[in-house]
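1. here is my input; please provide its structure:
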Amino acid sequence: MKHLKRQLDALFARWLVRLILISVALGIRLASFVRWFLPARRHENTTTQPRRILIAGSFYNDAWFDSHVTPLLAADHIDEVLVVTDRALSARPGVRFCNPSEKIQRRIGRIAARAVAIWRAARRYRPNSLMGYHIMPNALLCLLIGRWLGIPAIYQMTGGPVQLMDGGVGSENALLRRQIKPGQLRAALMHHLARQFDRIIVRGKQARHYLFDHGVTPTNIAIIPGAVPNKFFEIARGNAEFDLIAVGRLVDVKRYDRLLNIIAELRKHRPAIRCGIVGDGPLSDELKEHAAALGINNNVTFLGKRTDVDTLLSQARAYILTSENEGLSIAMMEAMAAGLPAIVPNIGELGELLVDGETGVYIDATAPSEAAEKIYNLLGSTEACAAMGFAAVERVREFAAVTNVATKWDDVLAIMQARERGTADTAGRKQQLNSAAVQS
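-> Predicted coordinates:
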């Protein structure tokens, strides 16, 4: 009975995803048709009007949010960032929150409430672009609303191509994961919609090549990571309380069960091995039970959600990640900036920063004994850890320091704003010609 219920739920999820994707595609076509008859959106004078970008997403912690917002505010082409999300975040200079109220969310649902909030904020403040994190729902909402209002839309592919592959069954999105089975139609619709964005921001070359292969115009893709705050580059090393440290939400995709299995193997050769796990989430109790069953309670410390991650990193020797899939982990970048070698599987865009044997080591997280052997060898050499940590700092500084990421945003936004001015001017000239023809 339980199996049947799961299969029916998956079938419903697949049909619902198809309906959503088809509706968005039709909505975009209708918007193009309607706007063909309407006057072009007036281009505001950027010398007197604030240059704004609206971002929409689920920001689970302030650190992840800051890593994306800080370089936007540091960019010369942005004066203010409008934010639409579900929960309140701490106030920041240059950031205006346009969140839907809890009352509206209860009445019409989270997604519908977020759509209304994006529409209202876009109509009121007329941002230069709308940007959604993850394809569903945020990027699709920005795309659809942007087309109706004549505002360019940007898709932040933070999780990598897995958000589009096979209809998104491997992504973190709850609805997409419920589909269970991949589907060609859903994948084709995903790729079609991806081609409609004015820009897609990816984390590395693999995602860029994937989009090339599925018809996205190369000039519409840019590699821009989240930024690493300066404080992580300035961390002073302290006493090593932990041999390994992991940072991230306790959810399925992070596969902390694999990490615990590796620690159990390491304990056989290094009984005093210590691992700190920073973060909270729905799997907290389950993972603690798993650690107890493996007999590694004294080797693993669940540190919960923390605001002093930089301090904890200074007390560790190496960073470890065992996710099933990733884009380019901000937690990994912060750890590397703090001088820790990274121990990760060869997935997603992690290779943008990890050079095996130079800034860290690759492991197969599905093979605990082999992974444990590699980690044991690394931890056994203080010199190797120090050398990899130093190389990691320099590589992250070049790739993801705030000023460098802000420069990348300026390059993208300058082109987009110039293109928007050109489009508005062209549309304006066409409208004048049409008016003159009617009068004559």
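
2. ranges for the helices of the stretch 1-150 of the chain?
-> Secondary structure of the stretch 1-150 of the chain (DSSP state H, counting those that start in this stretch): helices located at 2-35, 62-74, 102-108, 110-125, 140-149.

3. C-alpha coordinates for the shortest one, PDB please?
-> Think helix 102-108. The C-alpha coordinates for helix 102-108 follow below in PDB (Å, rounded to 0.1, in the frame of the first residue of the first chain):
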ATOM      1  CA  GLU A 102       2.700  35.500   6.300                       C
ATOM      2  CA  LYS A 103      -1.100  36.100   6.000                       C
ATOM      3  CA  ILE A 104      -0.900  36.100   2.200                       C
ATOM      4  CA  GLN A 105       1.300  33.000   2.200                       C
ATOM      5  CA  ARG A 106      -1.300  31.200   4.300                       C
ATOM      6  CA  ARG A 107      -4.200  32.300   2.100                       C
ATOM      7  CA  ILE A 108      -2.800  31.500  -1.300                       C
END
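
4. mind listing what's buried along that helix?
-> 104-105 (16 or more other Cβ atoms under 10 Å). Using the backbone N, CA and C atoms, a C-beta is placed for each residue, glycine as well.

5. show residues contacting it.
-> Applying Cβ atoms under 8 Å, 6 or more residues apart in numbering, the external contacts of helix 102-108 come out as 86, 113, 116.

6. rerun that using 6 Å as the cut-off
-> For helix 102-108, the surrounding residues in contact (Cβ atoms under 6 Å, 6 or more residues apart in numbering) are Ala113.

7. do stretch 326-337 as well
-> With Cβ under 6 Å, 6+ apart, stretch 326-337 has contacts from 67, 158-160, 203-204, 225-226, 228, 232-233, 247-248, 313, 319, 321, 342, 347-349, 352, 392-393, 396, 400.

8. try 7 Å
-> 64, 67, 157-160, 203-204, 225-226, 228, 232-233, 247-248, 309, 313, 319, 321, 342, 344, 347-350, 352-353, 359, 392-393, 396, 400 (Cβ atoms under 7 Å, 6 or more residues apart in numbering).

9. among these, name the ones in helices.
-> 64, 67, 232-233, 309, 313, 392-393, 396, 400 (DSSP state H).

10. how many neighbours does Ile235 have?
-> Using other Cβ atoms under 10 Å, Ile235 has 19 neighbouring residues.

11. dump the residue contacts of it.
-> Contacts of Ile235 (Cβ under 7 Å, 6+ apart): 310, 313-314, 338-339.

12. need those residues in JSON lines (columns: neighbour count).
-> Listed next are the contacts of Ile235 as JSON lines, based on neighbours: other Cβ atoms under 10 Å:
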{"residue": "Asp310", "neighbour count": "18"}
{"residue": "Leu313", "neighbour count": "26"}
{"residue": "Ser314", "neighbour count": "19"}
{"residue": "Ala338", "neighbour count": "28"}
{"residue": "Gly339", "neighbour count": "25"}
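
13. now for the residues you listed: which two are most distant?
-> Largest separation among the contacts of Ile235 by Cβ to Cβ: Asp310 and Gly339, giving 11.3 Å.

14. and which of the ones in helices among the contacts of stretch 326-337 is nearest Val24?
-> Trp64 (26.1 Å).

15. quick check: closest non-adjacent residue to that closest one.
-> Ile330 (6.0 Å; Cβ to Cβ, 6 or more residues apart in numbering).

16. what's the burial count for the one you found?
-> 23.

17. circling back: widest-spaced pair of the ones in helices among the contacts of stretch 326-337?
-> Longest span within the ones in helices among the contacts of stretch 326-337, Cβ to Cβ: Trp64 and Val393, 20.8 Å.

18. remind me which residues of the chain are low pLDDT?
-> Where the chain drops to pLDDT under 70, the residues are 38-48, 420-440.

19. spatially central residue for it, please.
-> Thr158 (2.7 Å; Cα atoms, centre = their mean).

20. pretty sure Ala117 contacts Val84?
-> Yes - under the contact definition of Cβ atoms under 7 Å, Ala117 touches Val84, with a separation of 4.8 Å.

21. find residues that contact each of these two.
-> 98-99.

22. who's in contact with the residue lying closest to Arg237 once chain neighbours are set aside?
-> Spatially, and ignoring its direct neighbours in sequence, Arg237 is nearest to Ser314 (5.8 Å; Cβ to Cβ, 6+ apart). Residues counted as contacts of Ser314 (Cβ under 7 Å, 6+ apart) are 235-238, 338.

23. show me where the stretch 151-300 of the chain has its helices.
-> So, for the stretch 151-300 of the chain - with DSSP H, counting those that start in this stretch - the helices run 174-178, 184-194, 205-213, 230-233, 256-269, 284-294.

24. buried residues, the longest one. List them.
-> Within helix 256-269, the residues that qualify as buried by neighbour count (16+ other Cβ under 10 Å) are 256-267.

25. give me the contacts around that helix.
-> So helix 256-269 is contacted by 246, 250, 273, 275, 277, 283, 287, 290-291, 294, 296, 299-300, 320, 322, 365-366, 368-369, 371-372, 375-376 (Cβ under 7 Å, 6+ apart).
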